[in-house]
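Peer 1: Got a predicted model here, sequence first, then my questions.
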Amino acid sequence: MAVAIKKRFNAQDELFGEIYRLGEGTRKYSLWTLIILPVVIIFPLVRLVFISPKFLSTYTQVSRGF
């Protein structure tokens with residue numbers, strides 16, 4: 001009886017180890033997603049807010065013929 005219980009605990013320990021490993025992989029994936037998201041989407045939008053007025057003023061000056 002004790003041997004069977006010990007085997008079950010060992011099997012569960014291996015499964016918990018695998019679950020932990022997969023969870024760590026998911027955590028790292030989520031971390032890099034949170035790091036890359038601002039660089040790819042948010043920072044360009046902020047730059048667009050500052051660049052658009054300069055571009056529009058230059059564009060209107062050129063269209064008016066200086």
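Peer 2: Everything's here; your move. Residues are numbered from 1 along each chain as shown.

Peer 1: all contacts plus neighbour counts: C-alpha atoms, from now on.
Peer 2: Will do.

Peer 1: lowest confidence element among the helices and strands of the chain?
Peer 2: helix 43-64 (a mean of 83; mean pLDDT, DSSP states H and E).

Peer 1: Next, count neighbours for Leu45.
Peer 2: Applying other CA atoms under 10 Å, we find 13 residues neighbouring Leu45.

Peer 1: correction: Lys28
Peer 2: By other CA under 10 Å, neighbour count at Lys28 equals 11.

Peer 1: any idea how far Leu22 is from it?
Peer 2: Distance from Lys28 to Leu22, counting by CA to CA, to the nearest Å: 10 Å.

Peer 1: again with Met1
Peer 2: Met1 is 32 Å from Leu22, by CA to CA.

Peer 1: what's the helix or strand for the residue sitting nearest the centre point of the chain?
Peer 2: In the chain, the centroid-proximal residue (CA atoms, centre = their mean) is Thr33; its distance is 0.9 Å. Element membership for Thr33, per DSSP states H and E: helix 2-37.

Peer 1: Just the mean pLDDT for that helix, thanks.
Peer 2: Across helix 2-37, the average pLDDT comes to 95.

Peer 1: now the least confident helix or strand of the chain, how far from the chain's geometric center?
Peer 2: 30 Å (CA atoms, centre = their mean, to the nearest Å).

Peer 1: Could you export that helix as PDB, CA atoms only?
Peer 2: C-alpha atoms of helix 43-64 as PDB (Å, rounded to 0.1, in the frame of the first residue of the first chain):
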ATOM      1  CA  PHE A  43       5.900  54.600 -29.100                       C
ATOM      2  CA  PRO A  44       5.100  55.100 -32.900                       C
ATOM      3  CA  LEU A  45       1.700  56.600 -32.000                       C
ATOM      4  CA  VAL A  46       3.300  59.000 -29.600                       C
ATOM      5  CA  ARG A  47       5.900  60.000 -32.200                       C
ATOM      6  CA  LEU A  48       3.000  60.500 -34.700                       C
ATOM      7  CA  VAL A  49       1.400  63.000 -32.400                       C
ATOM      8  CA  PHE A  50       4.600  65.100 -32.400                       C
ATOM      9  CA  ILE A  51       5.500  64.600 -36.100                       C
ATOM     10  CA  SER A  52       2.000  65.200 -37.600                       C
ATOM     11  CA  PRO A  53       1.700  69.000 -36.900                       C
ATOM     12  CA  LYS A  54       5.200  69.600 -38.300                       C
ATOM     13  CA  PHE A  55       4.300  67.600 -41.500                       C
ATOM     14  CA  LEU A  56       1.000  69.300 -41.900                       C
ATOM     15  CA  SER A  57       2.500  72.800 -41.500                       C
ATOM     16  CA  THR A  58       5.100  72.000 -44.100                       C
ATOM     17  CA  TYR A  59       2.500  70.500 -46.400                       C
ATOM     18  CA  THR A  60       0.200  73.500 -46.200                       C
ATOM     19  CA  GLN A  61       3.100  75.900 -46.900                       C
ATOM     20  CA  VAL A  62       4.100  74.000 -50.000                       C
ATOM     21  CA  SER A  63       0.600  73.800 -51.300                       C
ATOM     22  CA  ARG A  64       0.200  77.600 -50.800                       C
END
